[in-house]
Every structure is written in structure tokens, then in C-alpha cells.
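> this one's sequence-less:
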């Protein structure tokens, strides 16, 4: 089942159950939103979760592209990406959590063909403010799905204050043995779908008050789900990475972790540029610049002659088409190459700075801060230059 079919199966399933599809959104949040990029499918819907009527009604479904810089250090493992797509459904004061979980179970097992015996759920076990989520617990018990009760792992919030509530997460077994243990004890259980019963607002003093309506907010990553359904060992092997995986390793041989970082960051950079962002010293542009400089640092670490000039057009075009971005691949490539030119100038200056006597021995945190703040040299580039 390729990624496009996964998305279509998901959206059509919920449209048949009265959900209206929200048109796809870019990575850029609405004007006035303080965040740099959209980080989840629910982000643009916050006002409606807090009670404002949505023009399309109380049941919604969408596919939202997202960017998370908080996961940068995780990129290279089997499940994390910087830019990804999120499938989401919402009940804005309509149905409750058990029905959402019932539909989720039915879609996974009947619509997408997941073996029910490979599923495990986690449910909020209760704390001093909110009792256990017995309704979700009963639903899973009735379906014969094993359940683990947790506290912190099954409470969702968008920050220290604001909308929040208990959640129930659905995990899929990825081991090559029969399922065992529980999700908190064995990382072969991979989370695929989170259903949040968003009923509360946390105030600055830590107390909880009810939201004007009882919502359900669910989300699952497209690439992660597709890789699991396709029997792949990582998100980097699912079909959306096909041209990247086929062409880049032959162009720039490197270890698997470095390859994943390069594939992720280049693909993410293409999407960010496709949404109209350009490299800059601050804000969104700095996120793009940071991603590209991490790629170039890895490439030049092993061979300084490596260049983005050599990157074939196919993966760039494939990514723009997949995300339905109306931008010529030549424009994207020019942005990437101009940033590479700037990076190579930074490398030349960096080598001159690091040749100074004060930087010949071990570097302190104060040295790293000085090199970054005064000369624009990030830590990973400093370390790469010293190793070279």
C-alpha cells in the first residue's frame, strides 16, 4: 500500500462518517501566530478546539504538513523526520473518545489490513486531578487489545498552559518475534496513532478548568504509518523516499546515520523552500539555513569536493510533486546552491579563526559560544573543521 493510497483510504473512511476535509495547509502558520512553523495538525485548529464554531462543522479530517525542530537530534533513527505529513481527525464537541478509538481500530484492522494481534494500547491511568480513563480502557478490553495504564505518557498538552487532556495511544509491534512486554518497556512497539480527549484547559497556577466543549483530536504520521504497512524497517525506506534512497547513496557514500540525516534535511529544505521560505540569519530562514549547513557539514566532512551541484533533479521534483507545491525545481536548486556558496565562505573563514593559538587546545563552552556568536560557526561545523 503506497503512501497516496494510505492517505486516500484514511480520508475517505472519515468522510464516509461525516467528516469534512480541510484543505491542505502549508508549513507556515496563519499571520499573527507566534510560532515559526506548523508543528501538528491541530495547531491551526486551536481556536475551534476552544469553542469557536468551525465553518465546516463539528467533524473534520485533514492531511497537514508539519515541521518540528525539537526532533532534530532524533533524526537518523527509524521513526523521526523534520518535515512530515500528519493525518488528523477532530470532533469539536460532537462524539467522544470511545467512538474515535472504535473507528481507529476498525480502520487499522479492516481498512489498512493490520493484524489485530500486533496492536497494543496505552490509556491514562489517572492522577491527583483527573481520574483514570475508564471509557477508553473498556473499549480496548472489549476489542481484546492489551492495554497499559500510564500517567505522564498518556496526558497530552500543547504547553504549560492551554488545552489538554488524557489520550490513548495505539502501538504496532515491529519485532520479528511474537509480541511481548508493553510499549513503555519495549521500543519494538511503535506508536502509530494518538487519540486525545481534549476536555481541559490548564491555567498558569497548574489547575484545570473544563473547556467549553469536549473535543477529540487524533493524529498519526503518514510516513511512519506507510513504512510500517510496507514492512520497512524505517521511515527512510518507505516510498516517499524512493528517488532519494535510490540516487543519493551512489552519489555520496556514507554511513547509514549520516545518510538519513542528509536525506531528511535535504528533503525538508526542498519543502521549506517550496513554501516560500529563503535562508536568513533569523526566524524561519535560519531554520532552513541550519538544515542545509548540517547537510553540507556532513558531506564535506568526508570529501570537501562534494557539492549540491551534483544532486539530480528527480528527488527535488518528486518531493515538490508529493507535497503539491507549485514551484519550479530550478528555483529550489538555485536557493540551495546559493546557500552552499555562503557555507563554503563560512568554512574558509572558520579555518582561519580556528588556526588561532587560543583554539589549538580543547574548546570550552565559552569558546563554542564565542565562535557561534562572533563568527557564525555552529558547534557541529567547528567540530568537523577540527577533525579535518
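Received it, and whenever you're ready, just let me know what you need. Nothing here was measured: the structure is a model prediction, and the numbers come from that model.

> Strands of this protein, start to end?
For the chain, applying DSSP state E gives strands covering 20-21, 59-67, 83-92, 119-124, 147-150, 155-157, 162-173, 189-202, 208-221.

> Of those, which is nearest residue 48?
Taking C-beta to C-beta, strand 83-92 is the member of the strands of the chain nearest to residue 48, at 5.5 Å. Any C-beta I mention is one placed from the backbone N, CA and C, and that applies to glycine too.

> related to what we said a few turns ago, right, and the strands of the chain - which one's nearest residue 30?
strand 59-67 (12.9 Å).

> where does that closest one sit relative to the chain's centre, distance-wise?
Counting by C-alpha atoms, centre = their mean, to the nearest Å, strand 59-67 is centred 12 Å from the centre of its parent chain.

> same check, this time on stretch 140-158
Using C-alpha atoms, centre = their mean, the offset of stretch 140-158 from its chain centre is 22 Å.

> Could I get the buried residue list for that stretch?
140, 143, 145, 147-149, 153-158 (16 or more other C-beta atoms under 10 Å).

> which secondary structure elements does the longest helix anywhere in the chain contact?
Across the chain, the helix with the greatest residue count (assigned by DSSP state H) is helix 329-354. The contact analysis (3 or more C-beta pairs under 8 Å, 6 or more residues apart in numbering; DSSP states H and E) places helix 329-354 against helix 256-274, helix 283-302, helix 313-322, helix 365-375, helix 379-387.

> could you check the distance from residue 122 over to residue 99?
Going from residue 122 to residue 99 by C-beta to C-beta, to the nearest Å gives 19 Å.

> again with residue 289
For residue 289 relative to residue 99 (C-beta to C-beta), the value is 45 Å.

> got it, and residue 270?
39 Å.

> In terms of neighbours, single out the busier of the two.
residue 270 (28 against 15; other C-beta atoms under 10 Å).

> pLDDT at the residue nearest to residue 221 when sequence neighbours are not counted, what is it?
In space, and not counting its chain neighbours, residue 221 is closest to residue 84: 5.4 Å by C-beta to C-beta, 6 or more residues apart in numbering. For residue 84, the model assigns a pLDDT of 94.

> same deal with residue 161?
90.

> Hmm, it is touching residue 206, no?
No. Residue 161 lies out of contact with residue 206 (C-beta atoms under 8 Å); the separation is 9.1 Å.

> Look at these two and report which has more neighbours.
residue 161 (13 against 9).

> List the residues that contact the more buried one.
Residues counted as contacts of residue 161 (C-beta atoms under 8 Å, 6 or more residues apart in numbering) are 201-204.

> other SSEs contacting the lowest-mean-pLDDT helix or strand in the chain?
When the helices and strands of the chain are scored by mean pLDDT, DSSP states H and E, helix 379-387 comes last with a mean of 84. Packing partners of helix 379-387 (3+ C-beta pairs under 8 Å, 6+ apart): helix 283-302, helix 329-354, helix 365-375.

> from the ones you listed, which stretch is densest packed?
Neighbour counts (mean count of other C-beta atoms under 10 Å) averaged over each of those peak at helix 283-302, with a mean of 20.

> model confidence over that helix, on average?
Averaging pLDDT residue by residue across helix 283-302 gives 92.

> can you list contacts of it?
Contacts of helix 283-302 (C-beta under 8 Å, 6+ apart): 28, 36-37, 67, 69, 82, 252, 254, 258, 261-262, 265-266, 268-269, 272-273, 277-281, 306-308, 336, 339-340, 343, 346-347, 378, 380-381, 384, 387-388.

> Just the buried residues of those.
28, 36-37, 67, 82, 252, 254, 258, 261-262, 265-266, 268-269, 272-273, 277, 279, 306, 308, 336, 339-340, 343, 346-347, 378, 381, 384.

> can I assume residue 375 is in contact with residue 349?
Yes. Residue 375 lies in contact with residue 349 (C-beta under 8 Å); the separation is 6.7 Å.

> Now do the contacts for residue 213.
So residue 213 contacts 51, 92-93 (C-beta under 8 Å, 6+ apart).

> Would you reformat these as a markdown table and include pLDDT and neighbour count?
Putting these into a markdown table (pLDDT from 0 to 100; neighbours: other C-beta atoms under 10 Å) gives the following:
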| residue | pLDDT | neighbour count |
| --- | --- | --- |
| 51 | 90 | 12 |
| 92 | 97 | 23 |
| 93 | 96 | 16 |
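
> Which of those residues sits closest to residue 171?
residue 92 (26.7 Å).

> Can you give me the first-to-last residue distance of stretch 141-150?
The straight-line separation of the ends of stretch 141-150 (C-alpha to C-alpha, to the nearest Å) is 16 Å.

> typed the wrong thing, it's stretch 41-53
18 Å.

> what residues does it touch?
25, 29-30, 35, 38, 54, 60, 62, 64, 66, 86-88, 90, 92-93, 158, 162-163, 198, 201, 211-213, 215, 217, 219.

> same thing but 7 Å
Residues external to stretch 41-53 that are found in contact with it (C-beta atoms under 7 Å, 6 or more residues apart in numbering): 25, 29-30, 38, 54, 62, 64, 86, 88, 90, 92, 163, 198, 211-213, 215, 217, 219.

> Now do that stretch: distance to the chain's middle.
20 Å.

> Stretch 64-72 too?
4 Å.

> cool, and stretch 229-240?
15 Å.

> What residues of it count as buried?
229, 232, 234-236, 238-240.
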